[in-house]
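Chemist: what follows is a predicted structure for the sequence shown.
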Amino acid sequence: MPNENREKLFTAYHLIGTKWTIHILFVLSQGPSKFSELARGIPLISEMALTRRLQDLQQNGLVQKTCFADRKPIFYELTPRGAALANFIPFLVEWALLH
């Protein structure tokens, strides 16, 4: 594998290899969600872990947080970059079902 591709692979892994990232991307691939909806969609994640992962995903340009004028409700949704990354999740599910 050429070095350039190896670096890109490590970059992708850095983004998705952190615990809970794939779960969050999966839930958000279904549409925008409030924090509480995300937490219900990933029952084993703590609120602190969910908050940290959402912040990291926002910093990496994969998730955006939308606040309205009155600050409630706050929604999280995938950016186009995040949606493109989430496209691989059905392939992981299919692989898991086959193996």
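Modeler: Cool, the structure landed.
Chemist: so where do the helices sit in the chain?
Modeler: Using DSSP state H, the helices of the chain run over 3-16, 21-29, 35-41, 47-59, 80-86, 89-98.
Chemist: what lies in contact with the third one?
Modeler: So that's helix 35-41. For helix 35-41, contacts defined as Cβ atoms under 8 Å, 6 or more residues apart in numbering pick out 23-24, 27-28, 33, 45, 47, 50-51, 54, 74, 76. In this view, the C-beta of every residue, glycine as well, is placed from N, C-alpha and C.
Chemist: what do you get for the second one?
Modeler: For helix 21-29, the surrounding residues in contact (Cβ under 8 Å, 6+ apart) are 15-16, 33, 37-38, 41-42, 45, 50, 53-54, 57, 62-63, 76-78, 82-83, 85-86, 89, 92.
Chemist: pull it out as CSV, backbone CA atoms only.
Modeler: Only the C-alpha atoms of helix 21-29 are listed here, as CSV (Å, rounded to 0.1, in the frame of the first residue of the first chain):
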residue,chain,number,x,y,z
THR,A,21,-18.4,7.0,16.7
ILE,A,22,-19.9,4.4,14.4
HIS,A,23,-23.0,4.2,16.7
ILE,A,24,-23.4,8.0,16.6
LEU,A,25,-23.0,8.1,12.9
PHE,A,26,-25.5,5.3,12.5
VAL,A,27,-28.2,7.0,14.6
LEU,A,28,-27.6,10.4,12.9
SER,A,29,-27.7,8.8,9.4
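Chemist: pLDDT at residue 71, what is it?
Modeler: On pLDDT, residue 71 comes in at 66.
Chemist: buried sites along stretch 38-55?
Modeler: For stretch 38-55, a neighbour-count test (16 or more other Cβ atoms under 10 Å) marks 38-39, 42, 45, 50, 53-54 as buried.
Chemist: and if you look at stretch 86-93?
Modeler: Residues residue 86 are the ones in stretch 86-93 that count as buried (16+ other Cβ under 10 Å).
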